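[1] predicted model and sequence below, questions to follow.
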Amino acid sequence: MSDRPKIDRPRGTHDIVPAEMPRWQHVTGELERLCRLYGYRRIVTPVFEDTALFRRTSGVGSDVVQKEMYTFTDRSDRSLTLRPEGTAPICRAYVEHGMHRDPQPVKLFTIASMYRYGAPGRGRYREHWQASVEALGSDDPRIDAELIQLYDTLLARLGVTRYHLELNSIGCRECRPAYLETLRGWLAENGQRLDADTLAKAEASPLRVFDNYLAKPPDVRAALAEAPTIGESLCAACVAHFAGVRAALDATGVRYTLVPTLVRGLDYYSRTTFEFVGPMANENSTITGGGRYDYLIEEIGGPQTPGIGFGAGVERLLIAMDEEGVEPPGDEGIDVFVALEDGAPRERVARWLAELRRAGVAAETEYAGRSLKGQLTQARRLGAARVVVVGPDSATLREPSRPDEPVEFDAIVSRLSP
RNA sequence: GUGGCGGUAGCUCAGCUGGUAGAGCCCCGGGUUGUGGUCCCGGUGGUCGCGGGUUCGAGUCCCGUCCGCCACCCCA
């Protein structure tokens, strides 16, 4: 260690070190596999976007825009923001590349880092990874169900069983304004039965008065239980749509809980909303949140296009797997370790390694000056299936549960190649 | 952002009411062994998060700060 001051990673960020990579890739690999099976194609968008993209779509009143965005100006005074969520950028790309002229629906997904300036904690990061899966250009309720079922299948594939799915519909342009009127009226009449926290919500974002329902004082809960809910105030079209979603979920055996007060934190949502809630003890247990956003694309200047999607937190999914005791896959071992005795011909070894690797054999040798015993330990750590011990003039091939086998130098590469 | 708890070796932690730092694991070497396991012996490694203060003396007490965790808020 030097005497220079040590530099740590920024608050709320984390490294994904090699030891964690098998777990990580297990999750992302399974997701990629399912996306392919369900017809979602991969897209990659920039880490930062025009700030207006998020201000317009998330809503200026949202927590994200209010206090969580990493916004900065570049050297040309453009206001840019590190993406806090994945949906708006994908919709932006959809419009920008004219994907509305492609055959619909357009199914897209990405696995990307997201940035939110908030208080960090377990499963709560300022930079976290999220799978965003989005189906654009269809308002068929069955695609809602299919998307939800995709994630449900992912959990099953990953061995997560302790979770539940919360489902609701928050209506459309037709029924939500009327509902909001009704709700505002009720809140005004019943203000004296509510606490300060709830009243503040009533002022800023009436739909969210039901947030964190369980933590509210009992009398406030009792009052809110009588309040009209969006889920019970839908117009005929939304009722039909929601019934279609549920029927399709039932048909594929996806279990859900209806939560008539479930709303989302971003303004762009309409109709179907859902959250997968995992087994974490604390309040960070939402592993996936999503919903339909039928007005988002026109909001950013595109043609009227319905859409639905979800954001699935990778770290929270990994925690959910941990909490269930899911055995993570181990590291893949190498094929051959070339151990060196004193006097081993290093140049020839270098040539053998190059030839083996050219033949597709994962091969490794000693570079740390270890003793032979240390090298054999190292070979075991690397998961080497076979070890060749090279002396000055000859070599010995060692394989588990087989007698040692002398190998001529000239025969080594062919003996070890497939 | 507010409140609570915590930061000692790469990891998990011990260190009593202040007296100048330890264990296990890991890593390296040696021995044993059937040359990758086991067991035994030895070794490397720490400005006790950082900065101030109190004190003859601070890992230990006080203040600040950073980081982590928990609760609130909200979300992935």
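    Right, received. Where do you want to start?
[2] use CA for all of it now, contacts and neighbours both
    Will do.
[3] correct me, but residue A:204 touches residue A:61?
    Yes: with contact defined as CA atoms under 8 Å, residue A:204 reaches residue A:61; the gap is 7.4 Å.
[4] just confirm residue A:179 contacts residue A:231, I think it does.
    No: look at residue A:179 against residue A:231 with CA under 8 Å: they stay out of range, at 9.7 Å.
[5] all strands of the stretch 101-250 of chain A, in order?
    Along the stretch 101-250 of chain A, counting by DSSP state E, counting those that start in this stretch, strands occupy A:106-115, A:127-136, A:164-169.
[6] and the contacts of the last one?
    Going back to what we said before, that points to strand A:164-169. A:230-231, A:234, A:238, A:242, A:255-263, A:270-278 (CA atoms under 8 Å, 6 or more residues apart in numbering).
[7] any of the residues you listed buried? List them.
    A:230-231, A:234, A:238, A:242, A:256, A:259-263, A:270-278 (16 or more other CA atoms under 10 Å).
[8] contacting residues for residue A:233?
    Residue A:233 neighbours (CA under 8 Å, 6+ apart): A:175, A:179.
[9] one more: residue A:209?
    Residue A:209 neighbours (CA under 8 Å, 6+ apart): A:198, A:199, A:201, A:202.
[10] if I look at it, what pLDDT would I see?
    As predicted, residue A:209 sits at a pLDDT of 86.
[11] separation between it and RNA strand B?
    7 Å (CA to the nearest atom of the strand, to the nearest Å).
[12] any idea how far that residue is from residue A:309?
    24 Å (CA to CA, to the nearest Å).
[13] same check on residue A:171?
    Residue A:171 is 16 Å from residue A:309, by CA to CA.
[14] inside strands: which ones of the buried ones among the contacts of strand A:164-169?
    Among these, the members found in strands (DSSP state E) are A:270, A:271, A:272, A:273, A:274, A:275, A:276, A:277.
[15] the residues you listed also near RNA strand B: which ones?
    residue A:275 (CA under 7 Å from any atom of the strand).
[16] residue of chain A closest to RNA strand B, please.
    residue A:265 (2.5 Å; CA to the nearest atom of the strand).
[17] can you list the residues of the stretch 301-418 of chain A near RNA strand B?
    A:311-313, A:315-316, A:369-387, A:389, A:398-400.
[18] let's see that with 6 Å instead.
    Residues of the stretch 301-418 of chain A lying near RNA strand B by CA under 6 Å from any atom of the strand: A:311-313, A:316, A:370-374, A:376-377, A:379-380, A:383-387, A:398-400.
[19] those residues in helices, which ones?
    Residues of these located in helices (DSSP state H): A:316, A:372, A:373, A:374, A:376, A:377, A:379, A:380.
[20] possible to save these as JSON lines with pLDDT and neighbour count?
    As requested, those are exported to JSON lines (pLDDT from 0 to 100; neighbours: other CA atoms under 10 Å):
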{"residue": "A:316", "pLDDT": "94", "neighbour count": "24"}
{"residue": "A:372", "pLDDT": "93", "neighbour count": "15"}
{"residue": "A:373", "pLDDT": "93", "neighbour count": "10"}
{"residue": "A:374", "pLDDT": "94", "neighbour count": "14"}
{"residue": "A:376", "pLDDT": "94", "neighbour count": "21"}
{"residue": "A:377", "pLDDT": "93", "neighbour count": "13"}
{"residue": "A:379", "pLDDT": "95", "neighbour count": "24"}
{"residue": "A:380", "pLDDT": "93", "neighbour count": "16"}
